[in-house]
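Peer 1: Could you look at this predicted model? Sequence included:
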Amino acid sequence: MTFHNPGAEVYVPDGSAADQAISRTTHFGVSAHQDDLEIMAYHGILECFGRRDRHFTGVTTTNGAGSPRDGLYASYSDEEMQRVRRVEQKKAAFVGEFSAHVFLDYSSSAVKDRGNADVVDDLKTIFSAARPEVVYTHNLADKHDTHVGTVLRVISALRELPREHRPQRLYGCEVWRNLDWLNDNDKVIFNVEPHENLAMSLVGVFDSQVAGGKRYDLATLGRRRANATYFASHGVDESTALIFGIDLTPLIENDRAEVGGYVQGFIDRFASEVSGRIAKLS
Ligand SMILES: [Zn+2]
């Protein structure tokens with residue numbers, strides 16, 4: 001398997017051959033940055049954890065350059081930060097028992113550049129080899145440009161594959177902006193209650209991010225807890241941790257579906273629920 005960037009790498013925690021590790025994939029996550037998968041695609045990691053019949057593979061599109069740094073890491077150069085973040089992602093892949101993790105090593109600007117066909121090409125290479133059943137990626141209403149760039153490249157790559165090689169489900173999940181705002185019947189609900197210790201470890205190993213001044217570990221578990229508690233106003237909590245997603249599968253079933261229009265539909269239904277309630281009670 002070859003990729004466009006010389007710094008691209010396939011890491012296989014259990015030491016299997018890279019091709020074998022990719023081809024056994026059932027659940028697949030594509031994120032912009034090191035640590036995004038552990039936040040947004042934890043459901044896929046959990047589905048495969050400790051299983052012999054399911055395997056999670058992760059992909060990170062960017063190289064982690066330009067990330068904020070503080071404390072221990074304040075004096076690190078961009079190159080040193082990229083190295084640290086790659087090692088941290090490998091630690092998480094090991095702890096989470098990933099089948100493989102693929103580092104595509106692009107700059108953020110390359111991922112955001114709609115004219116750069118290399119990112120799409122590399123994603124096609126991995127998708128073709130992995131043929132996953134389920135894909136988790138960023139959601140289209142995220143507020144980070146590189147995240148939205150990544151999901152757009154994922155949709156393009158999947159649309160260029162033969163239909164029989166496409167996954168059965170494509171989900172957009174929460175990092176920079178949660179999905180609590182979606183109408184309840186527009187939410188995909190992932191129960192991620194089991195192995196809270198694992199959830200904590202997976203985000204916690206990204207020391208350069210967490211000790212760098214952002215408590216992603218506490219915030220991520222807090223968001224999942226809040227999602228679970230605030231999901232239903234009646235009755236007791238049925239789960240202590242939920243992740244919300246948007247089903248993006250229709251965008252890879254209909255290649256002509258307009259991406260902006262698709263997410264606008266969710267926003268319009270939210271707007272009409274809010275205004276409808278006010279009209280009803282005024
Ligand atoms: Zn990110």
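Peer 2: Yes, it's here.
Peer 1: where does this protein come near the ion, residue by residue?
Peer 2: Residues of the chain found near the ion, taking C-beta under 5 Å from the ion as the criterion, are 32-33, 36. All C-beta spots, glycine's among them, are computed from the backbone N, C-alpha and C.
Peer 1: same thing but at 6 Å, please
Peer 2: Proximity of the chain to the ion, by C-beta under 6 Å from the ion, involves residues 32-33, 36, 144, 147, 175.
Peer 1: what ranges do the helices span in the protein?
Peer 2: With DSSP state H applied, the chain shows helices at 18-23, 36-40, 42-48, 78-95, 108-112, 117-130, 145-159, 196-204, 207-210, 216-231, 249-253, 259-281, listed in chain order.
Peer 1: so where is the stretch 101-250 of the chain shaky, pLDDT-wise?
Peer 2: 212, 234-235 (pLDDT under 70).
Peer 1: Find the closest residue to the ion in the chain.
Peer 2: Distance from the ion to each residue of the chain (C-beta to the ion) is smallest for H33, at 3.4 Å.
Peer 1: got the contact list for the spatially closest residue to that residue that is not a sequence neighbour?
Peer 2: Leaving aside its chain neighbours, H33 sits nearest to T62 (5.8 Å; criterion: C-beta to C-beta, 6 or more residues apart in numbering). Applying C-beta atoms under 8 Å, 6 or more residues apart in numbering, one finds that T62 lies in contact with 32-33, 104-108, 111, 146.
Peer 1: okay if I get those residues as a markdown table plus neighbour count?
Peer 2: Listed next are the contacts of T62 as a markdown table, based on neighbours: other C-beta atoms under 10 Å:
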| residue | neighbour count |
| --- | --- |
| A32 | 29 |
| H33 | 25 |
| L104 | 26 |
| D105 | 22 |
| Y106 | 29 |
| S107 | 16 |
| S108 | 21 |
| V111 | 24 |
| T146 | 23 |
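Peer 1: what's A32 in contact with, if anything?
Peer 2: Taking C-beta under 8 Å, 6+ apart, one finds 60-62, 108, 111, 138, 144, 146-147, 149-150 in contact with A32.
Peer 1: 6 Å instead, please
Peer 2: Contacts here follow C-beta atoms under 6 Å, 6 or more residues apart in numbering; on that basis A32 touches 61-62, 146-147, 150.
Peer 1: Can you read off the pLDDT for it?
Peer 2: What the model reports for A32 is a pLDDT of 98.
Peer 1: follow-up on the earlier one: take the contacts of A32 and write them to CSV, including distance to S75.
Peer 2: Rendered in CSV, the data for these read as follows (distance: C-beta to C-beta, whole Å):
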residue, distance to S75
T61, 27
T62, 22
T146, 25
H147, 28
T150, 30
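Peer 1: Looking at those residues, spot the one nearest N183.
Peer 2: Of all the contacts of A32, the one with the least separation from N183 (C-beta to C-beta) is H147, at 22.2 Å.
Peer 1: So that closest one is in contact with H138, correct?
Peer 2: Yes: between H147 and H138 there is a contact at 3.9 Å, judged by C-beta atoms under 6 Å.
Peer 1: gap between R225 and E174?
Peer 2: Here the distance between R225 and E174 works out to 13 Å (C-beta to C-beta, to the nearest Å).
Peer 1: ok, now T2?
Peer 2: Using C-beta to C-beta, we find T2 at a distance of 33 Å from E174.
Peer 1: neighbour count winner among those two?
Peer 2: Each of T2 and E174 had its neighbours counted (other C-beta atoms under 10 Å), and the higher figure belongs to E174 (23 against 6).
Peer 1: I'd like the distance between that one and N139.
Peer 2: E174 is 7 Å from N139, by C-beta to C-beta.
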